[in-house]
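Student: Would you be able to build a 3D model of this:
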Amino acid sequence: MSSTAKCFLTIAMLAAGLQLAAQNRTAASPDGRIGVTMTDSTMTVSWQQQHVMDIDVKTGQGTPLTFAGKVKPDYVMLTGKRRHCTNEANEYRCGDMTLRVYNDGIAFRFDSEDKGYTAYRIAEGCRRWMQQWTDSYEGFFPQDTTCKVKPVPSYSGISQTAEGWNNRWGYPALVEVECRGTRKEERSAIYALITEADIERGNSATCLMNDGEAFRVTAAAGGDTTVHTPWRVVIIGRLSDVVESTLVTDVAEPSRVADTEWIKSGTAAWIYWAYNHGSNDYGIICRYVDLAATLHLPYVLIDAEWDEMKDGKTIVDAIAYAKKCGVRPLIWYNSSVGWVDGAPGPKFRLNKAEDREREFAWCEKLGVAGVKIDFFSGDTRLNMDYCIDLLECAARHHLLVNFHGATIPRGWQRTYPNLMTTEGVYGAEWYNNVPTFTDKAAAHNATLPFTRNVIGPMDYTPCTFSDSQHPHITTHAHELALTVLFESGLQHLADRPESYLAQPEEVRQFLTELPTAWDETRLVDGYPGESVVMARRRGTTWYVAGINGTDKERTLTLPSGLTADGEVMLYVDGSPWTITRLAADQLPRTIECRPRGGFVMTIKKKQ
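Tutor: Prediction:
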């Protein structure tokens with residue numbers, strides 16, 4: 001072979017190699033909508049060939065993406081936005097990174113010693129709804145277009161730049177990646193919701209730290225002792241794709257609880273909100289038990305201070321009364337790792353393994369249905385391991401779990417299906433604490449379905465018609481709608497018994513029949529902070545709910561594809577109610593909603 005021919009052959013082989021390398025640096029979802037292109041330090045993500053986000057990663061120079069197979073999660077949830085969950089992804093390996101490209105987002109994790117440097121690039125000028133980090137995740141998600149925001153003084157764990165801007169952010173973070181001008185264009189924008197999932201024993205949870213447009217994934221204190229990081233998750237698409245996604249549980253480990261027949265979601269009467277106090281008064285506990293019995297609610301929550309009950313009564317007496325009335329009791333514990341000094345009890349009953357086993361065995365023997373555990377201290381590895389210990393021990397003793405003052409859900413609701421709900425939200429409890437919530441609640445409520453509640457159950461404690469320490473200015477129909485808009489395996493009704501019992505019979509019946517786990521969820525319409533309309537189905541009944549998050553009247557759009565051949569009930573704002581029974585051919589297509597108002601419509605199919 002001549003030297004010229006050898007030269008051409010060498011060039012051809014080099015070109016072929018470069019082409020192969022280029023091919024091995026791209027990935028796509030099974031349906032082709034989401035694409036990923038890798039360089040040595042950046043992962044560029046697109047949706048329908050439109051740029052979504054650049055993510056800084058370190059995979060090693062020239063490391064190819066190697067296709068590792070299909071991933072097809074298919075499982076049943078006992079709680080959540082959808083009972084039967086299915087998805088599909090193409091999985092790739094790139095050095096020490098595993099990447100899955102799903103039809104509704106991406107998930108990736110690392111198994112390297114440095115635990116995989118990751119930074120999401122969120123450009124200045126892009127709308128975003130992000131919560132400044134605090135260990136309880138109880139904060140607002142204000143709409144902004146910049147990372148240059150002053151820290152909230154009351155938050156724990158404040159971190160800021162030299163210029164005084166907050167630079168520590170919690171999950172989830174919602175980003176509108178196409179910023180356009182008109183309402184029609186805004187609704188066609190692409191969204192990315194950033195979070196993480198599948199915390200295992202030995203993992204710390206993470207947050208986002210930034211000094212500009214690069215939001216760096218940063219582990220909490222304690223580091224990781226596992227072979228890989230949690231999954232970094234980005235849900236991608238239209239707002240409906242984000243809201244309806246189950247990607248957080250899709251990447252989580254399957255259920256580790258073999259027998260789940262005893263796990264039942266349901267509505268609970270809750271004592272704390274109305275009195276801003278715990279459950280040391282046996283008489284008040286009995287009133288909430290009676291409320292639950294009257295409305296046929298399955299549960300009552302006996303809150304803090306039951307270890308200091310007055311008038312010679314004890315928690316055993318309260319549990320016995322609830323069981324006598326056909327109501328299953330849930331009881332509260334202090335985790336004793338966060339707020340301890342000056343905090344209510346009972347304390348230090350769950351921290352040691354032997355104490356925890358003894359306490360939960362005692363609960364099981366008495367007939368307690370579940371436990372609410374409060375006042376954790378952030379996202380450290382010790383806290384994550386402690387939560388897993390609590391979930392596993394509770395499952396052994398057939399106890400439901402509600403984590404309060406705790407981190408957000410990261411998929412544990414699939415792995416440990418006895419985890420029914422988690423606080424990690426700025427909820428109705430804050431009407432007791434500061435006056436701030438009064439004016440901001442409506443817009444906040446219209447933001448949560450697009451942010452916090454996307455990733456898992458949320459114990460907001462909704463539906464208060466009367467006032468507690470600080471008044472609310474949302475309407476009755478707005479409050480009723482929250483019971484449908486906010487998903488939680490245990491839905492705690494927070495108002496006074498007399499307030500619920502004073503409502504029209506149709507409202508009381510609605511609360512009696514309210515589902516707390518759904519077969520299907522659809523986002524109908526809305527925009528974060530402005531309004532939201534959702535349709536959820538349980539069995540053959542659809543619940544359609546919407547709220548106005550603004551101080552002006554607003555027209556809300558209802559779903560067009562639903563039909564009725566059974567009973568249709570419409571609850572809208574009146575004085576305070578307008579409740580109408582509709583014929584099957586009278587389904588409205590829009591609702592004229594009052595400022596900070598709302599509506600609920602139930603559509604029952606004939607059996």
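Student: The stretch 451-600 of the chain: helices as residue ranges?
Tutor: Along the stretch 451-600 of the chain, counting by DSSP state H, counting those that start in this stretch, helices occupy 476-485, 497-501, 505-513.
Student: and those, which is most packed in?
Tutor: helix 476-485 (a mean of 26; mean count of other Cβ atoms under 10 Å). From N, CA and C alone the C-beta is placed, and that goes for glycine too.
Student: what's the span of stretch 361-379, first residue to last?
Tutor: By Cα to Cα, to the nearest Å, the extent of stretch 361-379 from end to end equals 28 Å.
Student: one step back: could you dump the helices of the stretch 451-600 of the chain into JSON lines with distance to M53 and mean pLDDT added?
Tutor: Below are the helices of the stretch 451-600 of the chain laid out as JSON lines (distance: least, Cβ to Cβ, whole Å; pLDDT from 0 to 100):
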{"stretch": "helix 476-485", "distance to M53": "28", "mean pLDDT": "98"}
{"stretch": "helix 497-501", "distance to M53": "45", "mean pLDDT": "98"}
{"stretch": "helix 505-513", "distance to M53": "41", "mean pLDDT": "98"}
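Student: among those, which is nearest A269?
Tutor: Checking these against A269 by Cβ to Cβ gives helix 497-501 as the closest, at 7.4 Å.
Student: CA atoms only: put that closest one into PDB for me.
Tutor: The C-alpha trace of helix 497-501 is given here as PDB (Å, rounded to 0.1, in the frame of the first residue of the first chain):
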ATOM      1  CA  PRO A 497     -65.100  20.400  65.600                       C
ATOM      2  CA  GLU A 498     -67.900  23.000  65.800                       C
ATOM      3  CA  SER A 499     -66.700  24.600  62.600                       C
ATOM      4  CA  TYR A 500     -67.000  21.400  60.600                       C
ATOM      5  CA  LEU A 501     -70.300  20.400  62.100                       C
END
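Student: and it, what other elements does it pack with?
Tutor: Judged by 3 or more Cβ pairs under 8 Å, 6 or more residues apart in numbering; DSSP states H and E, the packing partners of helix 497-501 are helix 282-295, helix 505-513.
Student: TSV please, covering the ones you listed and showing distance to G326.
Tutor: Shown next, in TSV, are the helices and strands packed on helix 497-501 (distance: least, Cβ to Cβ, whole Å):
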stretch	distance to G326
helix 282-295	6
helix 505-513	13
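Student: closest one to T26 among those?
Tutor: helix 505-513 (50.2 Å).
Student: re earlier: including distance to V152, could the helices of the stretch 451-600 of the chain go into JSON lines?
Tutor: Converted to JSON lines, these look like this (distance: least, Cβ to Cβ, whole Å):
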{"stretch": "helix 476-485", "distance to V152": "24"}
{"stretch": "helix 497-501", "distance to V152": "31"}
{"stretch": "helix 505-513", "distance to V152": "34"}
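Student: how about those, which one is nearest V251?
Tutor: Across the helices of the stretch 451-600 of the chain, closest to V251 is helix 476-485 (Cβ to Cβ), at 25.1 Å.
Student: Can you name every helix or strand that the closest one contacts?
Tutor: helix 436-445, helix 505-513, strand 531-538, strand 541-548, strand 568-573, strand 598-604.
Student: Out of these, flag the one nearest V149.
Tutor: Nearest to V149, of the helices and strands packed on helix 476-485 and by Cβ to Cβ, is helix 436-445 at 15.7 Å.
Student: and the angle from that closest one to strand 541-548?
Tutor: 130 degrees (axes from the mean of the first three to the mean of the last three Cα atoms, to 10 degrees).
Student: For the stretch 1-150 of the chain, which segments are assigned as strands?
Tutor: For the stretch 1-150 of the chain, the strands defined by DSSP state E, counting those that start in this stretch occupy 26-28, 34-38, 42-47, 50-57, 66-71, 74-76, 84-86, 89-94, 97-102, 105-110, 118-121, 128-132, 143-144.
Student: Nearest to P528, out of the helices of the stretch 451-600 of the chain?
Tutor: Among those, helix 476-485 sits nearest to P528 (Cβ to Cβ), with 13.0 Å.
Student: Could you export the closest one as CSV, CA atoms only?
Tutor: Extracted in CSV, the C-alpha atoms of helix 476-485 (Å, rounded to 0.1, in the frame of the first residue of the first chain):
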residue,chain,number,x,y,z
HIS,A,476,-64.5,28.5,52.2
ALA,A,477,-64.5,26.9,48.8
HIS,A,478,-60.8,27.7,48.4
GLU,A,479,-60.2,25.8,51.7
LEU,A,480,-62.3,22.8,50.7
ALA,A,481,-60.5,22.6,47.3
LEU,A,482,-57.1,22.2,49.2
THR,A,483,-58.2,18.7,50.4
VAL,A,484,-58.2,17.6,46.7
LEU,A,485,-55.3,19.7,45.4
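Student: What ranges in this structure fall below the confidence cut-off?
Tutor: Applying pLDDT under 70 to the chain flags residues 1-23, 60-61, 113-115, 179-188, 223-224, 607.
Student: Spell out the residue ranges of the helices in the stretch 251-400 of the chain.
Tutor: According to DSSP H, counting those that start in this stretch, the helices that the stretch 251-400 of the chain contains are 272-275, 282-295, 315-324, 353-366, 381-396.
Student: Nearest to V45, out of those?
Tutor: Across the helices of the stretch 251-400 of the chain, closest to V45 is helix 381-396 (Cβ to Cβ), at 27.6 Å.
Student: Show residues contacting that closest one.
Tutor: 199-205, 220-225, 256-257, 335, 337, 350-351, 353, 356-357, 360, 370-371, 373, 376-377, 400-401, 403, 406-407, 412, 416, 418-419 (Cβ atoms under 8 Å, 6 or more residues apart in numbering).
Student: which of the helices and strands packed on helix 476-485 sits most buried?
Tutor: Most buried among those, given mean count of other Cβ under 10 Å as the contact rule, is strand 541-548, at a mean of 26.
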